[in-house]
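1. Quick one, what's the 3D model for this:
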Amino acid sequence: MERGLNLLVKRGRPEDILPSISKAFGAHTVFAQKETCSEELQVEKQVSIGLQQVKLPQNGPSDQKTTHPKLQLVWGSTLYHIDDLPFDSRSLPEIYTQFRKFCESMSSIRECCKLPVSLGPSPTNSLNEMDGWGAIPSLGDLGIQEFKAVRGMHFIGGESAALGRVFEYFWKKDLLRVYKETRNGMLGPDYSTKFSPWLASGSLSPRYVHAEVKRYEKNRLANDSTYWVQFELIWRDYFRFLSIKCGNCLFHLDGSRKVVAKWSQDQTLFDSWKGGLTGYPLIDANMKELSETGFMSNRGRQIVCSFLVRDMGIDWRMGAEWFESFLLDYDPCSNYGNWTYGAGVGSDPRENRYFSIPKQAKTYDPEGDYVSYWLPELQHLPKDKRNFPGNSYIKPIVPLKFENTTQRKLLLNKNERSKKANQSGTLTNRNPTGHPAVAVKWRKYGQKIVEGNLKTRRKAKMVVSHKNSMMHCDNGSSKMEGKKYESMEGLA
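-> Numbering: from 1, shown residues only. Sure, this is the predicted structure:
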């Protein structure tokens with residue numbers, strides 16, 4: 001029990017639970033954090049409607065005998081407050097660098113709020129009506145098979161663990177000073193901050209992280225690494241604010257830029273990707289890590305995204321939904337924002353960004369330590385062969401598209417032409433008539449599977465089978481490579 005109160009735990013839909021709690025406690029206001037994506041906005045609407053059905057005694061002299069509790073939404077979760085931005089959502093820059101420069105030069109970051117000493121006395125009588133505080137349910141209680149991660153970093157939920165990680169990374173191990181040099185690692189607990197699961201679940205405030213960075217800079221050292229943590233937090237802000245501007249386009253096949261491209265929904269190829277059976281150790285190791293731990297490095301997310309959309313040509317939304325199902329640090333803004341970025345249909349001015357697997361392996365896993373950790377069958381091979389095992393490993397399911405020098409030059413030339421066209425205001429590779437409807441199966445909150453259109457609704461979920469679709473417990477972010485200062489966001 002902290003500051004005089006315990007945690008009230010109830011299971012059910014917010015629109016059902018919150019009105020009942022409001023009635024039991026006589027609460028005239030329900031406070032919640034303001035969200036930005038359509039499914040979350042719909043929940044806010046339903047909660048507000050539910051509260052209107054609750055009648056509370058009217059305090060003080062009035063002709064009205066009863067009143068209704070109200071829902072008060074508060075902006076949070078971002079480094080910059082929405083009211084402090086130098087533009088509104090309609091004029092939000094579509095390029096991250098422009099957004100960052102505007103914010104850094106024209107906005108300020110608010111200080112963290114001080115915690116109250118006490119939250120008041122425990123409402124004993126009302127608790128009796130609610131059958132007590134309630135207990136946090138186990139995974140078994142929720143009908144989910146318990147899964148224990150035996151490898152990788154073990155994340156513990158809650159604010160205490162989050163603050164402990166900040167202290168450990170910044171102050172105890174003094175790793176902040178080298179963050180920029182190590183953040184593209186893939187193996188071990190300390191190559192990056194690993195703050196993203198706590199940021200996504202609300203256990204850690206980005207403003208607190210920023211305040212600790214500033215304290216570190218004052219007491220120890222200020223360098224590129226200390227700035228880069230703030231830089232990544234701005235990326236996270238960018239995708240959240242961009243989700244307001246884009247609306248449901250964030251979830252459409254052609255993205256916010258209406259880019260027309262041919263996509264496949266080949267289930268065999270997709271199953272090999274999600275199962276870590278592509279024949280490319282760097283891809284397979286990353287996908288094994290995701291399925292076994294609910295986490296993947298920033299670098300890994302960029303690589304597996306590029307492979308799925310460029311080399312396989314698979315519908316990027318299938319990858320985004322797979323990440324949604326497994327990531328501990330999932331949140332819709334960062335996840336879908338980053339996937340549209342990587343697929344070339346979002347905020348990235350380059351539509352054909354490509355990550356060469358051989359190059360990535362030689363640069364970020366030169367001795368094969370990462371792939372052999374997650375793929376033990378490669379440990380007996382010489383270190384320089386672990387990423388390129390040949391016949392010692394399963395056969396690659398698809399050839400790499402851009403390993404040929406001529407092909408690579410054509411891609412780079414196309415990117416350069418696209419960049420120049422965008423700078424001159426000329427739109428390229430667009431279909432002015434709009435993208436044709438894509439009929440897929442969709443489902444939402446357990447409703448009957450029917451035929452739908454991914455262009456007409458936010459998350460018309462494609463049916464993607466996997467062994468444990470509810471393994472994740474929190475909300476996040478991944479990153480995508482751009483220029484040297486344009487990596488994907490999230491402090492993963």
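2. Under the pLDDT cut-off, which ranges of the stretch 201-350 of the chain? List them.
-> Applying pLDDT under 70 to the stretch 201-350 of the chain flags residues 349.
3. quick one: the strands in it?
-> With strands called from DSSP state E, counting those that start in this stretch, the stretch 201-350 of the chain shows none.
4. Okay, domains of this structure per the record?
-> 1-74, 252-453 (automatic domain parsing).
5. Just send these back as TSV, with distance to N128 and mean neighbour count too.
-> Where you see a C-beta, it was placed from the backbone N, CA and C, and this is true even at glycine. Conversion of those to TSV gives the following (distance: least, Cβ to Cβ, whole Å; neighbours: other Cβ atoms under 10 Å):
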stretch	distance to N128	mean neighbour count
domain 1-74	9	14
domain 252-453	32	19
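6. got CSV for those, with distance to L233 too?
-> CSV is the format used below for these (distance: least, Cβ to Cβ, whole Å):
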stretch, distance to L233
domain 1-74, 17
domain 252-453, 11
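7. Can I take it that V30 is in a strand?
-> Yes: under DSSP: H, G, I helix; E, B strand; the rest coil, V30 sits within a strand.
8. Dig out what it forms beta bridges with.
-> The partner list for V30 in beta bridges (DSSP bridges) reads L71.
9. right, and it touches G50 too?
-> No: checked against Cβ atoms under 8 Å, the pair V30 and G50 is beyond contact range at 9.7 Å.
10. Which neighbours do those two have in common?
-> L18 (Cβ atoms under 8 Å, 6 or more residues apart in numbering).
11. Of all the domains of the chain, which one is nearest L199?
-> Among those, domain 252-453 comes nearest to L199, with 7.2 Å by Cβ to Cβ.
12. does I21 sit in a helix, a strand or a coil?
-> helix.
13. Now do the contacts for it.
-> 8, 10, 27, 130.
14. Could you rerun that using 7 Å?
-> M130 (Cβ atoms under 7 Å, 6 or more residues apart in numbering).
15. ok, so what distance separates it from K45?
-> 18 Å (Cβ to Cβ, to the nearest Å).
16. Repeat that for L18.
-> Taken as Cβ to Cβ, the span from L18 to K45 is 13 Å.
17. quick one: G158 and L204 touch, right?
-> No: applying Cβ atoms under 7 Å as the test, G158 and L204 come out as separate, 9.9 Å apart.
18. Neighbour count: those two, which is higher?
-> Using other Cβ atoms under 10 Å as the criterion, G158 and L204 rank with L204 on top: 22 against 12.
19. Tell me the spacing between that one and T293.
-> 19 Å.
20. C305 now?
-> According to Cβ to Cβ, C305 and T293 sit 18 Å apart.
21. Likewise for S347?
-> Distance from S347 to T293, by Cβ to Cβ: 28 Å.
22. just T193 next, same as before
-> 16 Å.
23. same thing with R90?
-> Taken as Cβ to Cβ, the span from R90 to T293 is 40 Å.
24. residues in contact with the closest residue to I394 other than its chain neighbours?
-> Nearest non-adjacent residue to I394, counting by Cβ to Cβ, 6 or more residues apart in numbering: G279, 4.8 Å away. Contact analysis of G279 by Cβ under 7 Å, 6+ apart lists 393-397.
25. Okay, G279 and F388: tell me how far apart.
-> Noted for G279: a distance of 11 Å to F388, by Cβ to Cβ.
26. do V209 as well
-> In terms of Cβ to Cβ, V209 sits 39 Å off from F388.
27. for D190, same thing?
-> Relative to F388, and taking Cβ to Cβ, D190 is found at 28 Å.
28. which helices and strands sit right next to the lengthiest helix in the chain?
-> Assignment by DSSP state H gives helix 224-246 as the longest helix of the chain. Secondary-structure packing of helix 224-246 (3 or more Cβ pairs under 7 Å, 6 or more residues apart in numbering; DSSP states H and E): helix 96-106, helix 179-182, helix 206-219, helix 332-343.
29. which SS class is the residue lying closest to A32 once chain neighbours are set aside?
-> Spatial nearest neighbour of A32, chain neighbours left out: L73 (5.7 Å); criterion: Cβ to Cβ, 6+ apart. Assigned by three-state DSSP, the conformation of L73 is strand.
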